[in-house]
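**Q** got a predicted structure plus its sequence, pasted below:
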Amino acid sequence: MSHGFDTLAVHAGQDPDPRTGSVIPPIYQTSTYAQDAVGAPRLGYEYSRSANPTRDALQETLAAIEGGRHGLAFASGLAAEDTILRALLKPGDHVVIPGDAYGGTYRLFARVHQEWGVQVTPAKGPDIAAMRNAAQVNTKMVWVETPTNPLLNITDLSGAAQLARDLGALLVVDNTFASPYLQQPLAHGADIVVHSTTKYLGGHSDVIGGGLIVDDDELAERLRFHQNAMGAVNGPFDAWLTARGIKTLGVRMDRHCDNAERIADFLVHHKKVRQVYYPGLSDHPGHETAAKQMRRFGGMVSFRTDDAERVCNSTELFILAESLGGVESLIEHPGRMTHASVAGSPLEVSGDLVRLSVGIETVDDLLADLDRALS
Ligand SMILES: *Cc1c(COP(=O)(O)O)cnc(C)c1O
């Protein structure tokens with residue numbers, strides 16, 4: 001029987017504990033497991049780096065909400081990304097990455113994996129033609145973020161899947177900004193979906209984590225081997241917090257989207273604001289593609305204003321902080337905060353940009369806060 005998204009978010013992998021009836025699966029805070037005889041672990045559990053029931057529960061939830069067959073959970077989004085790169089690339093392989101990827105993703109490619117002989121080319125734009133131009137004969141992976149961070153650029157997922165197939169490469173999609181409630185890349189032909197579960201999936205700014213979701217058994221096996229061999233797994237309590245967050249993902253995302261739509265509209269009409277980046281706006285270059293592949297347009301809004309730093313320092317409800325996707329609204333200056341590590345690179349962000357992670361508060365309070373900060 002197939003279930004709707006919100007049913008899966010609440011129930012998949014989250015059956016009541018068979019021994020006690022505990023409605024919420026317990027936190028198995030253990031490093032190791034008693035064995036009944038040498039080589040005879042009771043339920044297959046031997047050591048918590050290799051497998052832990054709380055992490056297993058989360059992995060099942062992750063797979064279900066992305067519509068994939070296999071989920072893997074990690075200590076952070078970057079740990080998940082690093083595991084993909086180590087498991088599937090070797091020196092001499094080439095990757096096409098987005099022109100405005102998450103700064104930490106770019107740093108992982110440019111400062112860590114390039115040192116080990118993996119070649120990387122940022123595409124000159126979010127469109128498929130730009131990505132095709134960045135490809136080489138040795139391209140083994142196409143990496144896509146949509147919407148991107150911080151400019152909310154949109155890449156056509158079906159087009160990217162076709163490009164990857166033409167190149168004989170794997171398509172990896174970082175789905176952190178959209179969340180699986182708004183967009184499911186595997187259905188558009190992606191091979192691997194990556195999440196920083198720190199953001200919308202956890203949803204409460206209280207836990208760092210990462211996830212990978214794949215459909216293909218052999219790919220899952222290779223990633224699972226590296227998950228254990230590299231050991232960048234999350235602990236049981238972090239896995240439990242993330243699973244708890246996911247249960248309300250759909251409800252939260254609808255409110256994030258409602259509030260972000262109102263705020264984007266407010267900013268468009270504000271005289272101190274030069275440009276607004278939100279894929280829900282009809283003049284956003286990716287609007288039509290976003291409308292085709294996303295349920296709604298998400299909770300992230302960026303804009304340009306002369307006094308960007310002062311605005312970031314002046315809000316009261318919007319908390320000045322990095323990260324995104326929590327219930328509370330955040331404001332930040334990408335040039336000097338989240339994207340400081342890409343200064344001087346092709347991914348450098350202009351100094352007049354402000355990024356908002358719009359939370360689920362009463363929208364009139366958020367609008368009043370921004371109005372005050374901009375005046
Ligand atoms: C935060 C983020 C990451 C990295 O995840 P961590 O959990 O911070 O390691 C990767 N991609 C995107 C789009 C992000 O926003």
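**A** That came through, no problem. Everything numeric here is computed off the predicted structure, so don't read it as measured data. Residues are numbered from 1 along each chain as shown.

**Q** got the contact list for stretch 209-217?
**A** For stretch 209-217, the external contacting residues (CB atoms under 8 Å, 6 or more residues apart in numbering) are 58-59, 62-63, 66, 68-81, 83-84, 186, 191-198, 201-202, 220, 223, 234, 238-239, 242. In this view, the C-beta of every residue, glycine as well, is placed from N, C-alpha and C.

**Q** within range of the ligand, give me the residues from this protein.
**A** With CB under 6 Å from any ligand atom as the criterion, the chain meets the ligand at residues 76-78, 102, 104-105, 145, 149, 174, 176-177, 196, 198-199, 208, 210.

**Q** among the residues you listed, which ones are in helices?
**A** In this view, the residues of the chain next to the ligand that belong to helices under DSSP state H are 77-78, 104-105.

**Q** okay, these in JSON lines with pLDDT, distance to residue 289 and neighbour count next?
**A** Shown next, in JSON lines, are these (pLDDT from 0 to 100; distance: CB to CB, whole Å; neighbours: other CB atoms under 10 Å):
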{"residue": "77", "pLDDT": "98", "distance to residue 289": "24", "neighbour count": "24"}
{"residue": "78", "pLDDT": "98", "distance to residue 289": "27", "neighbour count": "21"}
{"residue": "104", "pLDDT": "91", "distance to residue 289": "25", "neighbour count": "18"}
{"residue": "105", "pLDDT": "93", "distance to residue 289": "21", "neighbour count": "23"}
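
**Q** let me know the closest of the residues you listed to the ligand.
**A** The closest of these to the ligand turns out to be residue 77 (CB to the nearest ligand atom; 2.2 Å).

**Q** enumerate every residue touching the residue lying closest to the closest one once chain neighbours are set aside.
**A** Of all residues not flanking residue 77 in the chain, residue 196 sits nearest, at 2.8 Å (CB to CB, 6 or more residues apart in numbering). By CB under 8 Å, 6+ apart, the contact set of residue 196 is 76-78, 80, 102, 174, 176, 209-210.

**Q** after the lengthiest helix in the chain, next one along is what?
**A** Longest helix in the chain, counting residues (DSSP H): helix 249-268. Next helix or strand after helix 249-268 toward the C-terminus (DSSP states H and E): strand 273-277.
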